[in-house]
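K.L.:
Structure, please.
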Amino acid sequence: MGINKKLIGSRIQAIRKEKNRRQKDVAEAVGLTDQYISKIERGDTSVTLSTISDIADYLGVDIGALIAGTNTGAPDYCKYDLFEIMEKASPKQREAICAHARIVLKGQYLMGD
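P.N.:
Below is the predicted model:
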């Protein structure tokens with residue numbers, strides 16, 4: 001399964017418009033032409049992960065928001081994943097998940113930030 005160019009392009013376009021940015025703004029920020037950004041948004045050209053990363057940085061979103069439609073910076077990131085995990089978990093697994101979550105929330109687990 002390859003990268004869906006049209007889907008990535010439509011995500012870039014949607015986020016760009018949401019942030020009131022022009023194709024020209026994105027192009028200048030990442031060192032490309034606005035015509036090339038237009039091709040990316042239409043899914044008419046292949047794009048490197050490096051370019052996707054540069055665009056994501058400029059738009060202020062996680063690269064996952066462009067590639068997979070997930071934004072790890074969003075307040076509800078993982079919320080539904082956790083619901084699904086808990087639904088599939090056995091009672092003992094739920095207890096373990098809750099115990100770990102409590103440790104993280106109490107700050108007893110060293111996080112990256």
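
K.L.:
use CA for all of it now, contacts and neighbours both
P.N.:
Will do.

K.L.:
Quick check: buried residues in stretch 86-95?
P.N.:
residue 86 (16 or more other Cα atoms under 10 Å).

K.L.:
what's residue 9 in contact with, if anything?
P.N.:
Going by Cα atoms under 8 Å, 6 or more residues apart in numbering, residue 9 touches 40-43.

K.L.:
That one: what's its closest spatial neighbour, skipping adjacent residues?
P.N.:
Excluding its sequence neighbours, the residue lying closest to residue 9 (Cα to Cα, 6 or more residues apart in numbering) is residue 41, at 3.6 Å.

K.L.:
Quickly find the element holding residue 50.
P.N.:
helix 49-59 (DSSP states H and E).

K.L.:
before we move on, the earlier item: does the residue nearest to residue 9 touch residue 14 like I think?
P.N.:
No - in this structure, residue 41 is not within contact of residue 14 by Cα atoms under 8 Å, at 9.1 Å.

K.L.:
Pick out whichever of these two has more residues nearby.
P.N.:
Using other Cα atoms under 10 Å, the more surrounded residue of residue 41 and residue 14 is residue 41, with 22 against 14.
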